[in-house]
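K.L.:
Okay, predicted coordinates and the sequence, questions at the end:
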Amino acid sequence: MRQAPNPSSGFTLLELMVAATVGLLVIAGAVSLYSQALKATWVTSERSELQQDFRAASNLMQNDISMAGAGAMGSQGLGANSVGLPVSATKPVYPCSTTTCNYINGAAVAYPNSTGTPLLYSIIPGPNLGITVNAASGVTDIITLSAADVSLELNCYTVEVASSTTANFGLPIGSDGNVPATCILPTGVLTPPSLVPSTTNAAGLNQGDMILFANAAVGVVTNVVGGTNPASCTAPPPAGVITYTIPAGNCYTVTFANEAGAAPDPGHINQPTATAPKVGVLDAYVGSTTLSAVRLLVVTYYLDISTDGTNTPRLMRIQNGKTPSPVAENVVYLKFTYDVNNNGTVYANQATLPAGTTPSLITQVNVAHMAMRSQLSGTSGYQGLDLQTSISARNLSSQQEYPISGSTF
C-alpha cells in the first residue's frame with residue numbers, strides 16, 4: 001500500500017541557515033540602532049548639563065561685571081586716589097581669604113600701580129596673572145570687580161573711630177521713634193538689621209567683609225572686618241530739629257584686622273604701622289564722627305586646580321576676605337579684553353590697557369574666551385563650549401558719557 005506525502009514536514013538545513021542569517025542581521029541592525037540612540041541620548045544629556053553649568057557660571061560673572069562701580073562715591077569713587085595705599089614694602093594684594101593670598105598663580109599679587117600708587121579700582125584687569133591649565137593655550141587671566149553692597153544699610157549708622165582697629169557704629173532713633181530721613185530703607189522695613197550676623201540675620205557684618213569709609217577731606221579708606229560684637233559705644237547722633245539718641249542696643253563695636261597683628265589681614269589693607277601715605281589706617285581718624293560707611297564688595301574671578309585628587313580645573317570666585325568658592329568645574333581657559341574710552345578716544349579689545357590710561361576708563365569688558373569641557377573629556381561623549389561675549393560696565397560708561405569736572409580717577 002502506497003503512503004501519502006506528509007504535508008507537515010520540517011525545513012531543510014539550507015532553509016534554517018538562511019533564516020538564522022537573516023534573523024542575525026535583523027538583530028544586529030536593531031542593536032546598532034539602539035546603541036546609536038543610547039549614545040545620542042548620553043551626548044545630549046552631557047551637552048544639556050554642560051550648557052546649564054556654563055550658563056549659571058557666565059550669568060554670575062556677567063552680573064558682577066555689570067555692577068562694577070555701583071553705589072559708594074559715584075560711578076568710579078572706589079579708588080583710593082587721595083590717601084593712597086601704603087608705600088611700604090608690604091603692598092595690598094588680592095584675592096585674599098582670612099588665611100592666605102596664594103590663589104592667583106600660586107602667589108600673592110599686588111594691586112596695579114597706574115599712577116605711582118596702587119589703587120582699588122572698580123574694575124582691575126589681571127592679564128596673564130592666572131594659572132596655565134593647558135600649555136598649548138597659555139596663561140589665563142583674572143579679573144577683580146568692586147561695587148557697594150547696599151543690602152546692608154550702613155549709611156543709616158553714625159560712625160565714630162575709636163582706635164586704629166575699631167570703629168563704633170550707632171543707629172540713632174529720633175524723639176518721634178523713627179530713624180533719620182537720610183536713612184533710606186526698603187519698603188516695609190522700619191529699621192536696619194542688626195550688624196551682628198546670626199542664623200536669622202545673614203545681612204550682618206561677617207569676618208572678611210570690607211567697609212569703605214569716606215570723608216570729603218581725606219578721601220577713601222578701606223578696611224577688612226575682623227569681627228563684630230555688640231557693645232555700648234558713644235557714637236554721637238546726627239544734629240537736627242528732632243532729638244536723636246542712640247540706645248545701647250543700637251550700638252556696635254566693629255573690630256578690624258591688623259595686617260601686623262595677632263589676627264592679620266592677609267590682604268594687607270589695614271596697615272597701622274605702614275609709612276604714609278596709606279589707606280585702611282583708622283588711627284588717623286580716631287575721634288572723627290563725620291565718616292560715612294558702606295559695605296564694599298571686592299570680587300575676583302580666577303582659575304585653579306582642585307585639590308581632591310582629581311586635578312579638575314575650575315572657575316573660582318572670592319569675595320572680600322572670605323573663603324574662595326568654586327563657580328563651575330572643568331573651566332579650562334579664561335581670557336578678557338577691555339574697551340577703554342580716554343576722553344573720546346576709544347580703544348577696543350585691549351588685552352592690556354593702553355599707555356596713559358587707567359582702569360577707571362574701562363567701559364566694557366569682553367570675555368574673549370571662557371572655555372569649559374564636560375566631565376567626559378577624552379572619551380566618546382566629550383563636549384566643549386567657549387563663551388565669547390561683551391558686558392557693558394554700565395556704571396563706568398555713564399561716567400565716561402557724563403564726566404565729573406575735576407575728577408582725578
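P.N.:
Received it, and whenever you're ready, just let me know what you need. Numbers count the residues shown, from 1 in each chain.
K.L.:
Adjacent strands (with direction) for the helix or strand where Val224 lies?
P.N.:
Element membership of Val224, judged by DSSP states H and E, is strand 219-230. Strand 219-230 has the following sheet partners, assigned by DSSP bridges: strand 210-215 (antiparallel), strand 251-256 (antiparallel).
K.L.:
now that strand, how far from the chain's geometric center?
P.N.:
19 Å (Cα atoms, centre = their mean, to the nearest Å).
K.L.:
So in that sheet, which strands flank the next helix or strand after that strand, and in what orientation?
P.N.:
The helix or strand immediately downstream of strand 219-230 is strand 244-245, counting by DSSP H and E. Here strand 244-245 is paired, per DSSP bridges, with strand 173-174 (antiparallel).
K.L.:
pLDDT value on Tyr338, please?
P.N.:
Note on Tyr338: pLDDT of 95.
K.L.:
packing partners for whichever strand or helix holds it?
P.N.:
Using DSSP H and E, Tyr338 falls within strand 331-342. Counting contacts by 3 or more Cβ pairs under 8 Å, 6 or more residues apart in numbering; DSSP states H and E, strand 331-342 packs against strand 123-126, strand 292-305, strand 313-319, strand 345-350, strand 362-373. Quick note: C-beta positions are derived from backbone N, CA and C, even for glycine.
K.L.:
Same list (the ones you listed) but as JSON lines, adding mean neighbour count, mean pLDDT and distance to Gly384.
P.N.:
Output for these, formatted as JSON lines (neighbours: other Cβ atoms under 10 Å; pLDDT from 0 to 100; distance: least, Cβ to Cβ, whole Å):
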{"stretch": "strand 123-126", "mean neighbour count": "23", "mean pLDDT": "88", "distance to Gly384": "24"}
{"stretch": "strand 292-305", "mean neighbour count": "22", "mean pLDDT": "87", "distance to Gly384": "16"}
{"stretch": "strand 313-319", "mean neighbour count": "21", "mean pLDDT": "91", "distance to Gly384": "13"}
{"stretch": "strand 345-350", "mean neighbour count": "14", "mean pLDDT": "91", "distance to Gly384": "23"}
{"stretch": "strand 362-373", "mean neighbour count": "22", "mean pLDDT": "90", "distance to Gly384": "5"}
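K.L.:
what's the span of stretch 145-153 from first residue to last?
P.N.:
21 Å (Cα to Cα, to the nearest Å).
K.L.:
And for it, what's in contact with it?
P.N.:
64-65, 67-72, 78, 120-124, 183-185, 192-193, 195, 203-205, 212, 294-300, 395 (Cβ atoms under 8 Å, 6 or more residues apart in numbering).
K.L.:
coming back round to it: what residues sit buried inside the strand holding Tyr338?
P.N.:
For strand 331-342, the neighbour count (16 or more other Cβ atoms under 10 Å) marks 331-341 as buried.
K.L.:
separation between the nearest residue to Leu171 once chain neighbours are set aside and Pro192?
P.N.:
Using Cβ to Cβ, 6 or more residues apart in numbering and skipping residues adjacent in sequence, the residue nearest Leu171 is Asn250, 4.0 Å away. Distance of Asn250 to Pro192, computed by Cβ to Cβ, to the nearest Å: 9 Å.
K.L.:
list residues touching both of these two?
P.N.:
In contact with both Asn250 and Pro192: Leu171, using Cβ under 8 Å, 6+ apart.
K.L.:
rewinding a little: now the contacts of stretch 145-153: which count as buried?
P.N.:
64-65, 67-72, 78, 120-124, 183, 192-193, 195, 203-205, 212, 294-300, 395.
K.L.:
Please tell me how far the residue positioned nearest the centre of the chain sits from Ile123.
P.N.:
With distances taken as Cα atoms, centre = their mean, the residue of the chain nearest its centroid is Val299 (3.1 Å). Applying Cβ to Cβ, the value for Val299 to Ile123 is 11 Å.
K.L.:
Give the intersection of the neighbour lists for those two.
P.N.:
Common neighbours of Val299 and Ile123 (Cβ under 8 Å, 6+ apart) are 144-146.
K.L.:
With respect to pLDDT, which of these ranks lowest?
P.N.:
Within the shared contacts of Val299 and Ile123, lowest confidence goes to Ser146 (85).
K.L.:
Any regions of the stretch 251-400 of the chain where pLDDT drops low?
P.N.:
Flagging of the stretch 251-400 of the chain using pLDDT under 70 yields the residue ranges 259-266, 271-281, 375-382, 397-400.
K.L.:
How far away from the center of its chain is stretch 327-346?
P.N.:
On Cα atoms, centre = their mean, the centre of stretch 327-346 falls 14 Å from that of its chain.
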